[in-house]
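Peer 1: Give me a model of this one.
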Amino acid sequence: SGGGSAAGAALAVIGTSGQGYLFGGGPFLTVSLATATTALTANQVRVRQFVLPERVTISTINFQISTLAAGGFCDFGLYNAGGTTKLVSTGAQATDATGFIAVAVTAYVAEPGVYLYAWTADNATVAFYAMAANSTNDNFFVAPNFQGTAANASVAGVLPATTGAITGALQSMPICMFRV
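Peer 2: Residues are numbered from 1 along each chain as shown. Predicted structure coming up:
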């Protein structure tokens, strides 16, 4: 895109299949990337708010399991800024094997704006490769509840329709790629 007009700058559009992505938590990784892993409390939904500066068409969601949980399920997705609408998610994904997971989803066009990246699992055993919690950087997200735990729980590893209130908490964030 680029350019602009008297009415304002042109909107960046990322919509060509195989070109472009965003990471859960935002288009930029804000904490130090590490080989850290993060496990969850069973059925707890965790979120991180981020600002998306361009239009992105999401057709695949990727994540990586570092510690398996036989018979378990997890879900990764996006909500609107208020957590009142789940926009796109992987749905229940088995956690019984380690490795890289790519889930095709119905194409969703995310317009520029504020979103919540969310993740959950139905067990406390599964762990995901993650951005290590960093109190120096992440405290900026905790105090205004931009990052934390949702009031609404998941069921059987599926994100709820809404998040409910967010309680700020310092946490490691699973690395999740929303791909075009």
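Peer 1: Could I get the full set of helices for the chain?
Peer 2: Using DSSP state H, the helices of the chain run over 135-142.
Peer 1: you'd agree Leu68 is up against Ala94?
Peer 2: No. If you go by Cβ atoms under 8 Å, Leu68 and Ala94 don't touch, sitting 9.1 Å apart. Yep, even glycine has a C-beta here, placed from its N, CA and C like the rest.
Peer 1: shaky segments in the protein?
Peer 2: 1-37, 39, 132-144 (pLDDT under 70).
Peer 1: 90 instead?
Peer 2: Within the chain, the stretches with pLDDT under 90 are 1-40, 48-54, 128-148, 168-180.
Peer 1: For the closest residue to Ala156 other than its chain neighbours, give its distance to Leu116.
Peer 2: For Ala156, ignoring the flanking residues on the chain, the nearest one in space by Cβ to Cβ, 6 or more residues apart in numbering is Asp122 at 5.5 Å. Distance, Asp122 to Leu116, using Cβ to Cβ, to the nearest Å: 20 Å.
Peer 1: ditto for Gly91
Peer 2: Taking Cβ to Cβ as the measure, Gly91 falls 17 Å from Leu116.
Peer 1: Which one's more surrounded, the two?
Peer 2: Each of Gly91 and Leu116 has its neighbours counted (other Cβ atoms under 10 Å); Leu116 has more, 28 against 16.
Peer 1: was I right about Tyr79 contacting Thr120?
Peer 2: No. Judged on Cβ under 8 Å, Tyr79 makes no contact with Thr120 at a distance of 11.9 Å.
Peer 1: Let me see the contact set for the residue lying closest to Ala169 once chain neighbours are set aside.
Peer 2: Computed as Cβ to Cβ, 6+ apart, the closest residue to Ala169 that is not its neighbour in sequence is Gly148, at 4.2 Å. Each residue near Gly148 by Cβ atoms under 8 Å, 6 or more residues apart in numbering is listed here: Arg46, Val47, Val142, Ile166, Thr167, Gly168, Ala169, Gln171.
Peer 1: Tally up the residues packed near the last one, please.
Peer 2: Residue crowding around Gln171 was assessed by other Cβ under 10 Å; the count is 21.
Peer 1: same deal with the second one?
Peer 2: Counted with other Cβ under 10 Å, the neighbours of Val47 add up to 29.
Peer 1: Look up how far Leu116 lies from it.
Peer 2: 5 Å.
Peer 1: Give me the common contacts of those two.
Peer 2: What both Val47 and Leu116 touch, as defined by Cβ under 8 Å, 6+ apart, is the set Tyr79, Gly83, Thr163, Ile166.
Peer 1: ok, the residue nearest to Ala156 touching Cys74?
Peer 2: Yes. At 7.4 Å, Asp122 counts as touching Cys74 under the criterion of Cβ under 8 Å.
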